[in-house]
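> What follows is a predicted protein model with its sequence.
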Amino acid sequence: MKRVFVFCIGGTGLRVMKSITMLLAAGMDAKGFTVVPVLIDPHMDLEEKRNLQSLIGEYETVYNSIIMGDGQRLPANEGFFGTDIADLAKLNGQQNDISEPIAEKRSFGQYINYGNLNSEDVNKYLVQTMFSQANLDNDLSVGFKGSPNVGTVVLGEMIKGADWFQAFCNACQLGDRIFIISSIFGGTGASGYPLLEKKIRNSTDHPNVKDAMMGAVSVLPYFALEDPSTTDSDIDSANFLTKTKSALAYYENSVLSDFLYYIGEQGMKKTYANDEKKQEDPAHFIELVAATALFDFLAKTDKPEKTQALSRSIKENVESLRITSLGNPYNDVVKAVADMMLLSRLVFLLPNESQFPLSKNRGFDNDFYEDKSFVNLRNFLSRFAAWYHELETNNRGFAPLNIAPSEDRNAKLSNWIHDFSLDAKDESYYLLDMIRASNKDKDNSHSVKFRRFLDYAYKAINKYTSKIM
Amino acid sequence: MSLINFFFLLPSKGKFLNGFTNEQLKSQADNVWRHLDGMSPVLLIAGVAIGIALAVFYYTAYNEMPGRHYTVKHWTIWAIISFVLTLVVTAVIEHIFIKTNLKSGISSLYWLCAINNALYSLILYFVASLVWCNFLPTNAYKFLKP
């Protein structure tokens, strides 16, 4: 099985990985690649990171419920949760979490031993020239606070001897790919991307790593932060554009990736709370677009001779994006999100659908709906719905769906996608096609009810939503 | 054996004829009875056919349509349709094909026969459903399958 190692650097990297996880759950096609996320963020105890780890954990749990059964490992299903997300540590047969050690509790000044430099030492003057006092006082446990000059020093050292990098080198095989996600306007991502890229391309001991097809997405500024003078923060989003320009000038001649995607927002930038400790920023359309870069990269078949720079645009510059304003190239994303929200509807209605034929024919009964596999799915879908709601209400909003009240059993669903008419007029169409899929299913090679459930649900939903493509 | 005996709700021929005092009327009533007896196979076949046909329709074409048709509620609706349709068809056949000058005293006979036939239709609808639920593929809820 070929794999793609996805390095998620900094807060933006984590958020984009969240979108990738959601899209994979919704059935986006990863072209048969197993996704191996590697989370790189020096920010200790960042809730966003813990949330992402738990989300990936929940994904893996659902995925394993689909493919593990009757003492055998079954091939992945088509559609929902159709891609394996593997843990780097487990690939190496390790039990410890090797994504964790990228953390530092000291301040930056302590980290570089600034205090031990003699007051007349020329190096002290050099440090003072390159780093502000605020930089030196930075508590590294909350990241680099938008300072790439700090990140370059610390991350470079952290990557050098990191267990996770060695584990990655050991796991990377011929045909595997590498994808790096980072922002260009902050600290961790902007500094981490070129460092990691260099480290990969200089891995002469591991030719599979050195010569692997590599893609990256660099996220340009897409949000603003509250005025730091009012929030006592060290991060000033007014500098984002300047930092971006500097980084781009550097990237111009130093990028080593085969494909580099630039994703950003020019106009509508939402202002978030300026709190680097929490970073409770809602999901954003730009993160979703950045996530699609991975799928585009996986669809590439040939390694180019030189770096290909790519980007994505939307058709109409509007506040709230629908299928028409997004443009046709986003149809696969709209379909995936629409599919998953329809699955969510089915998952919440079916336990109360006592006379659903598959309760008798396939054992989708109360015990099935109370089983942990189904409960895990329901929990994941709740998180998916919350994620979509964040996308929908952010600025710019990604709002292609017209979600009918979940408790309304007779709700019209033909306009489930704004500006688009589905042939399925209400939920009974999907239920009927689940039954049809079950009747056609002659596969007796396993008895994994949960796998069948998701398979039938996907076939039923896909029958109608594939019209979008 | 006369097939009219299958209509167990009907009174005996003697009891039916006793309802007519006049000999001429009695003769006409006897004629009606004989006609009804002669038509019994047709009526029974119609009832059976309606019951089975509607059950087949319910378990096939009707459940190929969306609208949660698989529920017992929809099955029951078609059972009622089967009953009412057989009732009406039987009564219509009786009125059209049995020629008589009798103006009174035969309606109850006709309706009892129609109700009886509708009951048979309902039973056949149930039996056909039982068979379908247990042995044949369908999109409907197989509530008759143990």
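That came through, no problem. Numbering: from 1, shown residues only, chains lettered A, B, ... in the order given.
> what number of residues lie near B:L102?
Other residues near B:L102 come to 15 when the count uses other Cβ atoms under 10 Å in any protein chain shown. (Glycine included, C-beta is placed from N, CA and C.)
> From B:I96, how far out is it?
Distance, B:L102 to B:I96, by Cβ to Cβ, to the nearest Å: 15 Å.
> try A:M469
Taking Cβ to Cβ, one finds A:M469 at 58 Å from B:I96.
> which element is whichever residue of the stretch 151-300 of chain A sits closest to chain B on?
For the stretch 151-300 of chain A and chain B, the shortest gap (Cβ to the nearest Cβ) falls at A:L288, measuring 32.1 Å. Element membership for A:L288, per DSSP states H and E: helix A:285-299.
> tell me the mean pLDDT over that helix?
In this model, helix A:285-299 has a mean pLDDT of 97.
> Quick check: buried residues in that helix?
A:285-295, A:297-298 (16 or more other Cβ atoms under 10 Å in any protein chain shown).
> Repeat that for stretch A:201-217.
For stretch A:201-217, by 16+ other Cβ under 10 Å, it's A:201, A:203, A:209, A:212-217.
> got the contact list for the following helix or strand past the helix holding A:L288?
Helices and strands here follow DSSP H and E; after helix A:285-299, the next one along the chain is strand A:308-311. If you take Cβ atoms under 8 Å, 6 or more residues apart in numbering or on different chains as the criterion, strand A:308-311 is touched by A:258-263, A:293, A:296.
> now with 10 Å?
A:215, A:217-218, A:220, A:251-252, A:255, A:257-264, A:289, A:293, A:296-297, A:300 (Cβ atoms under 10 Å, 6 or more residues apart in numbering or on different chains).
> who does it pair up with?
strand A:259-263 (parallel) (DSSP bridges).
> Can you check what angle separates the partner strand from helix A:285-299?
160 degrees (axes from the mean of the first three to the mean of the last three Cα atoms, to 10 degrees).
> Give me the contacts around whichever helix or strand comes after strand A:259-263.
Where DSSP H and E defines the elements, the next helix or strand beyond strand A:259-263 is strand A:270-272. For strand A:270-272, contacts defined as Cβ under 10 Å, 6+ apart pick out A:222-227, A:237, A:279-282, A:284, A:393-397.
> one more time with 8 Å
For strand A:270-272, contacts defined as Cβ under 8 Å, 6+ apart pick out A:223-226, A:281, A:284, A:394-395.
> out of those, which are inside strands?
A:223-225 (DSSP state E).
> So which of those residues reach chain B?
Among those, proximity to chain B is found for none (Cβ under 8 Å from any Cβ of the partner chain).
> of the residues you listed, buried ones?
Using 16+ other Cβ under 10 Å, the buried ones in the ones in strands among the contacts of strand A:270-272 are A:223, A:225.
> is it possible to export the ones in strands among the contacts of strand A:270-272 to JSON lines including pLDDT?
Shown next, in JSON lines, are the ones in strands among the contacts of strand A:270-272 (pLDDT from 0 to 100):
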{"residue": "A:F223", "pLDDT": "72"}
{"residue": "A:A224", "pLDDT": "73"}
{"residue": "A:L225", "pLDDT": "70"}
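> Export the ones in strands among the contacts of strand A:270-272 as CSV, with columns for distance to A:I9.
Formatted as CSV, these follow (distance: Cβ to Cβ, whole Å):
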residue, distance to A:I9
A:F223, 17
A:A224, 21
A:L225, 19
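> residues near residue 71, how many?
In the absence of a named chain, chain A is used. A:G71 has 6 nearby residues by other Cβ under 10 Å.
> I was after chain B.
18.
> near chain A, which residues of chain B show up?
So chain B meets chain A at B:63-68, B:70-72, B:137-143, B:145 (Cβ under 8 Å from any Cβ).
> Would you report the backbone torsion angles of A:S107?
Backbone torsions of A:S107, given as degrees, to the nearest 10, read phi -80, psi 170.
> any idea how far it lies from A:L321?
Taking Cβ to Cβ, one finds A:S107 at 42 Å from A:L321.
> How about A:G115?
51 Å.
> More neighbours: which of these two?
Using other Cβ under 10 Å as the criterion, A:G115 and A:L321 rank with A:L321 on top: 25 against 10.
> Check what pLDDT the closest residue to the more buried one other than its chain neighbours gets.
Nearest residue to A:L321 in three dimensions, chain neighbours excluded: A:F398, at 5.3 Å (Cβ to Cβ, 6 or more residues apart in numbering or on different chains). In this model, A:F398 is scored at 97, pLDDT.
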